[in-house]
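Novice: Give me coordinates for this.
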Amino acid sequence: MSGHSKWATIKHGKAILDAKRGKIFSRYSKEISIAVREGGSDNPDFNPRLRLAIERARAENMPKENIKRAIDKGAGRVEGQMYEEIVYEGFGPNQVAMMILCVTDNKNRTNSEIRSLLDKNGGTLGSAGTVSYNFDRKGIITVSLPDNLESDDLQLQLIDLGAEDIKDLGDNIWQIIVDPANTHSCAEAMSKLKLVVEESKIGMVPKTMIDLDKIAFERFENFYDVVDDHDDVQEIYHNAQQI
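Specialist: A predicted model of the protein is given here:
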């Protein structure tokens, strides 16, 4: 197993976000619309990316009508803004590598705002390829373990299901890395092992990490929060961990 960051620490930047339901729903609406357009189908049975996006939205209690409207928008059945995905690469404080996924209806505006946001808060924006070489596209499944579960046997079972890496995040929370094509099926299989699937998504996983002491990590968390609060930011992937 690898990784020892505490679940509470990792989720720090989301505490404020969870209180802003409208913003969360806006993010998932964009994600669903993009998934429909990029996946070429508005049927989640034939569009794995859409299926995962809907599952994540439902986990946040996004209303059914919001989900349907986002699907219709992505399929072109209703008028609205046309979104596109942009991935920014750069560095945060202490040269933490970051990949910032944005969805926007105005690329020039977002380019300018993200660059300014990083510059003003101790980060730098890089060109394509600056940090992406240090990340792999993977399925990321976060699960809660029931009490009194034999972890050694569970690890072997997860490896048999296709787990490539298992990270103990503390507080009976594990993050399991799988092949992105098998994300949904692996999450379903883990549910049958009496694990609670807290989140299932396809994202970017760093190959190497940067160790930060408590003060440096808190500084990075503050930076992360500022960037994450931008309306066009959907996901942020980084390689910082607290030692």
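
Novice: For the rest of this, base every contact and every neighbour count on C-alpha atoms.
Specialist: OK.

Novice: can you list the weak-confidence ranges in this structure?
Specialist: When the per-residue scores of the chain are filtered using pLDDT under 70, the ranges that remain are 1-20, 80.

Novice: Could you pull out the strands in it for me?
Specialist: Taking DSSP state E to define them, one finds strands in the chain at 84-91, 97-104, 124-126, 135-144, 165-170, 173-178, 196-206, 210-212, 233-238, 240-242.

Novice: okay, the ones you listed in a markdown table with distance to Glu38 and mean neighbour count next?
Specialist: A markdown table is the format used below for those (distance: least, CA to CA, whole Å; neighbours: other CA atoms under 10 Å):
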| stretch | distance to Glu38 | mean neighbour count |
| --- | --- | --- |
| strand 84-91 | 10 | 18 |
| strand 97-104 | 13 | 23 |
| strand 124-126 | 26 | 19 |
| strand 135-144 | 17 | 20 |
| strand 165-170 | 28 | 18 |
| strand 173-178 | 22 | 24 |
| strand 196-206 | 15 | 19 |
| strand 210-212 | 33 | 16 |
| strand 233-238 | 16 | 19 |
| strand 240-242 | 30 | 21 |
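
Novice: And those: which comes nearest Ser112?
Specialist: With respect to Ser112, and counting by CA to CA, the nearest of the strands of the chain is strand 124-126 at 10.6 Å.

Novice: Could you list every helix and strand in contact with that closest one?
Specialist: When contacts are defined as 3 or more CA pairs under 8 Å, 6 or more residues apart in numbering; DSSP states H and E, strand 124-126 sits against strand 84-91, helix 107-120.

Novice: let's go with 10 Å and repeat that
Specialist: Packed against strand 124-126 by the contact rule (3 or more CA pairs under 10 Å, 6 or more residues apart in numbering; DSSP states H and E) you find strand 84-91, strand 97-104, helix 107-120.
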